[in-house]
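Visitor: turn this into a structure:
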Amino acid sequence: MDQHKTKTLATVKLEHSSEIYKIVDILNRTLKGDDLMFGLALDEENEKQAVFTIYRT
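Guide: Numbers count the residues shown, from 1 in each chain. Sure thing, here's the model as predicted:
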C-alpha cells in the first residue's frame, strides 16, 4: 500500500487579516501540481495571530 505523507516545510505566525485566506487559496490553486499545500489557522493562544504553514505532499 502506498502511504501518503505530508511534510511540514515552514511555519510562520503573522497578524491575522480578514483577507489573508485569499493568498493561501491562490497558492494552493497555483502550486498543487508541484506537490505543495498551504494552510492557514488561527493561533490557539492569540486570536489576533494567524499561523501560515507550507507543506510538501
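
Visitor: contacts and neighbour counts: CA atoms only from here.
Guide: Noted.

Visitor: just the pLDDT for Lys5.
Guide: Turning to Lys5, the model gives it a pLDDT of 89.

Visitor: list the contacts for the closest residue to it other than its chain neighbours?
Guide: Excluding the flanking residues, the one nearest Lys5 by C-alpha to C-alpha, 6 or more residues apart in numbering is Thr57, at 6.4 Å. The neighbourhood of Thr57, defined by C-alpha atoms under 8 Å, 6 or more residues apart in numbering, consists of 4-7, 35-37.

Visitor: just the buried subset of those, please.
Guide: 36-37 (16 or more other C-alpha atoms under 10 Å).

Visitor: going by distance to Ala50, which of the contacts of Thr57 wins?
Guide: Met37 (16.5 Å; C-alpha to C-alpha).

Visitor: for the closest one, give me its contacts.
Guide: Per C-alpha under 8 Å, 6+ apart, neighbours of Met37: 27-28, 31, 54-57.

Visitor: out of these, which end up buried?
Guide: 27-28, 54.

Visitor: and those as TSV, adding pLDDT?
Guide: Below are those laid out as TSV (pLDDT from 0 to 100):
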residue	pLDDT
Leu27	98
Asn28	98
Ile54	98
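
Visitor: strands - which of the residues you listed land there?
Guide: Judged by DSSP state E, the subset of the buried ones among the contacts of Met37 located in strands is Ile54.

Visitor: tell me the one among the buried ones among the contacts of Met37 nearest to Asn46.
Guide: Among those, and counting by C-alpha to C-alpha, the member closest to Asn46 is Ile54, at 20.3 Å.
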